[in-house]
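Asks: structural data only, the sequence is not supplied:
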C-alpha cells in the first residue's frame, strides 16, 4: 500500500520512465537469446563448413594420388628400364626419364637402381639442385632394397634424405616403386619416382585459404601423421614437420575411422581450436586389392574458437548497438512525450492553485493550450474561471441586496423595539388606571352612604377626569403611530378588550339608570345622584381607556391611517365625554337620589373593574413578549448585517481581481 502511495506521488515523467525501463528488459532478453542462439548456430555453421571443406579436399587429394599412380603405371606399362640396364644404354634411359619428368611436374625425382639398390641414373626436376646427386650414383637407395620378390610396383610414404638433397623442405614424401626385369624375366633393377611434396604442401595451403575465404582468418590446414602427431604438411610452412601437441585422448580419437568428419574442440597452447579431420587415401592403400590402409594420414583443419565467435560477438555488438540506439530513441521520445504532457499539466496546476488562493486574474494563454485532452482541461479551467467571475458578480449583487435588506430589517426592528417600549409604558399607565378604577369602585361601594358629602368634590373630579381624558387623547395619538408592528400580537388583546368594553357599557348603563332614578327622587335623591355621577364618570373613564386601547390595537391591525382615524374618533369620544361630564355636573344632584338603587350596580362595577385589571395585566405581559421578540429580531438583524457585510467584502475583493484578466 505504501509503495502504491509513493507511485501515486511520482510525476508523470517519472512514471513514464519507470514503465519504459522494465519494457526494455524483454528487448535485452531477446538480444541475449539471439546472441546465444546465434552462437550455437555459428558454431554449427562453422563445423559444417569445416567438414565440407575438409572432406572435399580429402577427396581431391585422394584423386590426386590416384592420378599420380595412373601416370606411374603408364610409365611402367612397358619395361624399358630393365632393358636399358641389361644393354647398358643408361644415357638413353636417362633421356627417357627426363622426358617423363618434364611431362609430369608433380614428381621431383626419378631414379633407376640395379638389383642391389645402387643408383644407376638419377634425374631431378628441371631447376632442382642436382649437385648432391653425383654422390648418389653408386650408393644404395634404402627404399630399393629387398624388392627381389615384388611382382609389381607399389607406393610407399617414407623418409628420404634425397628430398633435402634436391631442395625439398621435408625429407618425407611418397615414392612410387617398380621392379625392372631383363629379357630373361629376372629382376635386374628398380625404377623409383619421388612425388614433389611441395604440390601436397600447396594443396594444404589451398585448404586453409578456402577456410579463410569462408570467414575464418585464423584457420589452418595440415596433413597429420596420426601415429606420431607430426604435421607432414602445414599451411604455415614453418609448422611443417612439427608436432601439433595432441594429447593421448585426442590421438586415440583420431585413430578411430568412425570419427571421420566429426568436429571437436580441443585446447592447444592455451586456446581452443575446433578440429575436423578426414583420412587421406594413403597411396600405400593402392598396393593391396582390398584397399586396406597401411598408413594413417589425416587431412586436418584447425579453426580457432575466436574466429567462430567473432561473428557472434559482431552480432552481439550489432544487437547491443541497435538495442542501445532503440533505448536512447525510446527514452528520448518518451521524455519528450511525457514533457509535452506534464508541462501543460504543471501550468494548469499552477493556474488552479492561483484560483484556489482567490486570484481570478490569471488565464492560461491560448498558445499554451495544446489540441489534446490536456488542452481541453486548460480550456475548461479558463471557462471555469470566467464562470466563477460571473458567480462572484452575482454574489456581490446578492450580498449588497442582503446588506441593504438586513440594514432595513435592523432599523425596522429597532423602531419596533422603541414602539413596543412606548406601548409597554402606555399599557402600564392603563394598568395603573384600571387598578385605580377598581379601587374607586370599591370606595364607591363602601362610601355610598357618604355620596352626598362628595358632591362638591365630584365636580373637581369631573374636571380632573376631563383633563385625564385629554392626556389619554394625546397618548393615544402617540401610541397610534407605533402600533403598526403589533398587529400580530393584538388579536389576544382584542378578546380581552371585548370583555372590558362589555363591562364598561354595563357600568355606564347602570350608572345612567341610577342617575335617572336619582332625578326621579327629587331633592332626596340629589346626594345619591352625586354618587351615581361619580360612578358614571369612572365608567366613562374605563370606557374611554378601553376605546383608546382598542384604537391602538386597531391601528396596529389596520394601518397607520386606520390608527389616525381611530384616534380622531377617540378624540371625538373624549370631547363627548367632556360634554357629558358637564351635564353630569348639572345633574349630579339628581344622582344622589338614586344612590340606593345603584348600590348593587356599583358592586357589579367593582367586580367588572377587577376583571378589567386582570385583562390589562395579561395585555401588559403580551406587550412585554412583543418587546422581547422585537429586541431579539433587532439582534438577529445586526448579526445578519455583519455577515452580509463580510460576504460583500469577499465578493468585491474577488470581483475586483476578476476584472483584471492576464495571461499565465
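Replies: Nice, thanks for sending it over. Only a predicted model underlies this, so the values are computations on that prediction, with no experimental measurement involved.
Asks: which helix in the chain has the most residues?
Replies: helix 373-446 (DSSP state H).
Asks: mind checking how far that one is from the chain centre?
Replies: Here helix 373-446 is found 55 Å from its chain centre; the criterion is CA atoms, centre = their mean, to the nearest Å.
Asks: can we start the residue count at 52 from this point?
Replies: Understood, numbering begins at 52; the last thing we discussed is helix 424-497.
Asks: and that helix, what's its mean pLDDT?
Replies: For helix 424-497, mean pLDDT is 74.
Asks: now for that helix, which elements pack on it?
Replies: helix 356-407, strand 413-414, helix 506-533, helix 577-609, helix 646-709 (3 or more CB pairs under 8 Å, 6 or more residues apart in numbering; DSSP states H and E). C-beta: built from backbone N, CA, C; applies to glycine.
Asks: okay, and the helix or strand of the chain with the least pLDDT?
Replies: strand 713-714 (a mean of 43; mean pLDDT, DSSP states H and E).
Asks: report the angle between the longest helix of the chain and helix 646-709.
Replies: Interaxial angle of helix 424-497 relative to helix 646-709 (axes from the mean of the first three to the mean of the last three CA atoms, to 10 degrees): 170 degrees.
Asks: quick one: helix 424-497 to helix 577-609, angle?
Replies: 170 degrees.
Asks: roughly how far apart are the residue sitting furthest away from the middle of the chain and residue 648?
Replies: The centre of the chain is farthest from one residue, residue 574, which by CA atoms, centre = their mean lies 119.3 Å away. Distance of residue 574 to residue 648, given as CB to CB, to the nearest Å: 16 Å.
Asks: next one: residue 439
Replies: Distance from residue 439 to residue 648, by CB to CB: 88 Å.
Asks: with residue 153 instead?
Replies: Taking CB to CB, one finds residue 153 at 200 Å from residue 648.
Asks: likewise residue 497?
Replies: Distance, residue 497 to residue 648, by CB to CB: 17 Å.
Asks: higher neighbour count, these two?
Replies: residue 648 (19 against 11; other CB atoms under 10 Å).
Asks: state the pLDDT value of the more buried one.
Replies: Residue 648 is assigned 70 on the pLDDT scale.
Asks: wait, it touches residue 568, no?
Replies: Yes. Counting by CB atoms under 8 Å, residue 648 does reach residue 568; the two are 4.5 Å apart.
Asks: need the overlap of contacts for these two.
Replies: Contact criterion CB atoms under 8 Å, 6 or more residues apart in numbering; residues shared by residue 648 and residue 568: residue 579.
Asks: distance of residue 457 from residue 663?
Replies: Per CB to CB, residue 457 is found 42 Å from residue 663.
Asks: out of the two, which sits in the busier spot?
Replies: Under the criterion of other CB under 10 Å, the comparison of residue 457 against residue 663 puts residue 663 first, with 30 against 20.
Asks: list the contacts of that one.
Replies: 485, 488, 489, 550, 551, 554, 555, 593, 597.
Asks: can you pull the contacts of residue 236?
Replies: Counting by CB under 8 Å, 6+ apart, residue 236 makes contact with nothing.
Asks: how far away is it from residue 269?
Replies: Distance from residue 236 to residue 269, by CB to CB: 58 Å.
Asks: who's in contact with residue 252?
Replies: Counted by CB under 8 Å, 6+ apart, residue 252 has contacts 220, 284, 285, 288, 291.
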